[in-house]
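> Provided below for reference: sequence and predicted model.
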Amino acid sequence: MFRGAETHARSVFKAISWRTLGTLDTFAISWFFTGRVEIAGSIAGFEIVTKIAWYYLHERVWAAIPWGRRRID
């Protein structure tokens, strides 16, 4: 269904590495605003799962869209 230049494994790895950075950011912001490590950890732990799935889907959809790509002859 989602055919593109990248493999599914590459998209998954990119999603995980990007979310790791994003989750550290979410944790730091949550800790700053709440002052509680437990709450910050809960927020960061929940959002890492949902955002990996959204990022993967987003990458695969864009991989299937030819718009904006240069043709390699």
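Alright, I've got the coordinates.
> for the rest of this, base every contact and every neighbour count on C-alpha atoms.
Noted.
> any weak-confidence spans in the protein?
Scanning the chain for pLDDT under 70 picks out the ranges 1-4, 73.
> now with 80, please.
For the chain, applying pLDDT under 80 flags the ranges 1-6, 11, 15, 69-73.
> following whichever helix or strand residue 21 is part of, which helix or strand comes up?
Residue 21 belongs to helix 8-34 when assigned by DSSP states H and E. Beyond helix 8-34 on the C-terminal side, the first helix or strand identified by DSSP H and E is helix 37-64.
> what angle separates that next one from helix 8-34?
Relative orientation of helix 37-64 and helix 8-34, computed by axes from the mean of the first three to the mean of the last three Cα atoms, to 10 degrees: 150 degrees.
> now residue 16. Nearest residue, chain neighbours left out?
In space, and not counting its chain neighbours, residue 16 is closest to residue 52: 6.3 Å by Cα to Cα, 6 or more residues apart in numbering.
> what is the neighbour count of that neighbour?
Per other Cα atoms under 10 Å, the neighbour tally for residue 52 reads 20.
> how close does it get to residue 38?
Distance of residue 52 to residue 38, given as Cα to Cα, to the nearest Å: 22 Å.
> one more: residue 11?
31 Å.
> quick one: which of those two has more around it?
residue 11 (17 against 13).
> let me see the contact set for the more buried one.
Contacts for residue 11 (Cα atoms under 8 Å, 6 or more residues apart in numbering) come out as 56, 59-60.
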